[in-house]
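Q: Just a sequence and a predicted model for now, questions to come.
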There are 2 protein chains.
Amino acid sequence: MLTVYGMKSSGNCYKVQLLLERLGRPYRWNEVNILAGESRTPEYLAMNANGRVPLLRDEEGRYLAESNAILCYLADGSPLLPEDRWQRAQVLQWLFFEQYSHEPYIAVARFIRTMLPADTPRRAELPRLVERGNQALAVMERHLSRAAYFAGDAYTIADIALFAYTHAAADGGFDLSAYPAVGAWLDRVRAQPGHVAMTPA
Amino acid sequence: MLTVYGMKSSGNCYKVQLLLERLGRPYRWNEVNILAGESRTPEYLAMNANGRVPLLRDEEGRYLAESNAILCYLADGSPLLPEDRWQRAQVLQWLFFEQYSHEPYIAVARFIRTMLPADTPRRAELPRLVERGNQALAVMERHLSRAAYFAGDAYTIADIALFAYTHAAADGGFDLSAYPAVGAWLDRVRAQPGHVAMTPA
């Protein structure tokens, strides 16, 4: 059986949960508390040298890291990762956008505000994170004002990846009411079969 | 014909150049000077709302952003992106590692040291960038001490993506002599057919 090592309140881990529930695939969830250092133990680093969650252990006992690589691997062969070469390229474009231009701002702002002590010096990073995160939301708003989903006309893993931290952006201090097309898309994602809510931080 | 919009001294753009030269595909290169704001003009933002390079215009006039998505699109169907589902997942794992745990430190340190004025206040970021960049290099060293390439036994786009900024890491203040397996891998990449050097910053 598939095993996921992850922390359910982490958006990157929630992506994998959301996909597995949608696919209806059985899996075991191994909760890893990264705040308690559980992703930096020698045992964990032997499975993933980069010390991050989520991590997938497949049926053959092989390990795969990086949330969006896990999404591609698990969705391969399903409509959530289109076969068409151009559509697949679009999915990947948005998956890389998510990890480079979105997550480092929107997820990190949420992490600082909800998972670190209220007096953490890292709060000094928030203004820049909010500025950059709003740039990412504006790129999404522009796309979603002309399209229902990120890649083609259908729901794919690009939507799963971008939903994970976007729907929780208020935790990071973002005001989603400024992005109505994003808000309507969030509702379309929530209406997908098999949708589950994220475990609160 | 394919058109690449990019700045040749940018590692993210160099990745695309390296792949196209290896594949022997004809292309037109449209140089974009990001330091002069050329990726933020209304004309450029109409092609790529995220305002980044590289950007690919394919034969049908469609635009694709994100360097590693471009690599996947162009390499699809060649041995540089394996068909095998697990090997392909490995390639993607390293492509996401590159954009999340490597480029934001090693490339940004190089950018600050070689492309910004010597008195830029952003030099204050360098100690943290060097620390995190060394963590990424250590993950690579560990992998390359047991394998010749990143995904399976052969050269793939994962090697192209990681070569781009790793081989220029000294520009960012990194000492590659501490990573002998990385050094030997850099030489294997340089020995690949069609290899071209990066345009200096």
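A: The structure has been received and is ready for your questions. Numbers count the residues shown, from 1 in each chain, chains lettered A, B, ... in the order given.

Q: alpha carbons only for contacts and neighbour counts from here, please
A: Will do.

Q: Low-confidence stretches in chain A?
A: Along chain A, the model assigns pLDDT under 70 to no residue.

Q: tell me which parts of it are close to chain B?
A: Within reach of chain B by CA under 8 Å from any CA of the partner chain, chain A has these residues: A:49-50, A:64-66, A:68-70, A:72-73, A:76, A:85-86, A:89-90, A:92-93, A:96-97, A:99-100, A:136, A:139, A:142.

Q: from these, which would you call buried?
A: A:49-50, A:64-66, A:68-70, A:72-73, A:89-90, A:92-93, A:96-97, A:99-100, A:136, A:139 (16 or more other CA atoms under 10 Å in any protein chain shown).

Q: In strands only, show me those residues.
A: Among these, the subset assigned to strands under DSSP state E consists of A:64-65.

Q: Please flag which of the buried ones among the residues of chain A next to chain B sit within helices.
A: Those of those mapping onto helices are A:68-70, A:72-73, A:89-90, A:92-93, A:96-97, A:136, A:139, per DSSP state H.

Q: Let me know how buried residue A:147 is, in neighbour terms.
A: When neighbours are counted by other CA atoms under 10 Å in any protein chain shown, residue A:147 registers 15.

Q: contacting residues around residue A:178?
A: If a contact means CA atoms under 8 Å, 6 or more residues apart in numbering or on different chains, then residue A:178 has no contacts.

Q: let's see it at 10 Å
A: Residue A:178 makes contact with A:134, A:137-138, A:141 under the criterion CA atoms under 10 Å, 6 or more residues apart in numbering or on different chains.

Q: what's the span of stretch A:50-65, first residue to last?
A: End-to-end distance for stretch A:50-65, by CA to CA, to the nearest Å: 8 Å.

Q: residues of it that come out buried?
A: A:50-58, A:63-65.

Q: ok, of these, which one's closest to residue A:187?
A: Distance to residue A:187, by CA to CA, is smallest for residue A:54 among these, at 25.3 Å.

Q: surely that closest one meets residue A:33?
A: No - taking CA atoms under 10 Å as the definition, residue A:54 is not a contact partner of residue A:33, at 11.2 Å.

Q: Helix B:103-115 and the strand or helix carrying residue A:105, what's the angle between them?
A: Using DSSP states H and E, residue A:105 sits within helix A:103-115. Per axes from the mean of the first three to the mean of the last three CA atoms, to 10 degrees, the angle that helix A:103-115 makes with helix B:103-115 is 120 degrees.

Q: With only the CA atoms kept, save helix A:103-115 in PDB.
A: In PDB, the C-alpha atoms belonging to helix A:103-115 read as follows (Å, rounded to 0.1, in the frame of the first residue of the first chain):
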ATOM      1  CA  GLU A 103       4.300  28.900  -2.100                       C
ATOM      2  CA  PRO A 104       7.500  30.700  -0.900                       C
ATOM      3  CA  TYR A 105       5.300  33.800  -0.100                       C
ATOM      4  CA  ILE A 106       1.800  32.700   0.600                       C
ATOM      5  CA  ALA A 107       2.700  29.500   2.500                       C
ATOM      6  CA  VAL A 108       5.600  31.000   4.300                       C
ATOM      7  CA  ALA A 109       3.500  34.000   5.500                       C
ATOM      8  CA  ARG A 110       0.900  31.400   6.800                       C
ATOM      9  CA  PHE A 111       3.700  29.500   8.500                       C
ATOM     10  CA  ILE A 112       5.100  32.500  10.300                       C
ATOM     11  CA  ARG A 113       1.600  33.800  11.400                       C
ATOM     12  CA  THR A 114       0.100  30.400  12.500                       C
ATOM     13  CA  MET A 115       2.900  28.100  13.400                       C
END
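
Q: Common neighbours of residue A:54 and residue A:33, please.
A: With CA under 10 Å, 6+ apart as the test, residue A:54 and residue A:33 both reach A:5-8, A:10, A:39.

Q: Which of these fall in helices?
A: Per DSSP H, the shared contacts of residue A:54 and residue A:33 never map to helices.

Q: Return the closest of those residues with respect to chain B.
A: residue A:39 (14.6 Å; CA to the nearest CA).

Q: re earlier: looking at the ones in helices among the buried ones among the residues of chain A next to chain B, which two lie furthest apart in space?
A: Checking these with CA to CA, the most distant pair is A:73 and A:139, at 26.5 Å.

Q: Show me which of the contacts of residue A:178 is closest to chain B.
A: The nearest member of the contacts of residue A:178 to chain B, counting by CA to the nearest CA, is residue A:138 at 9.0 Å.
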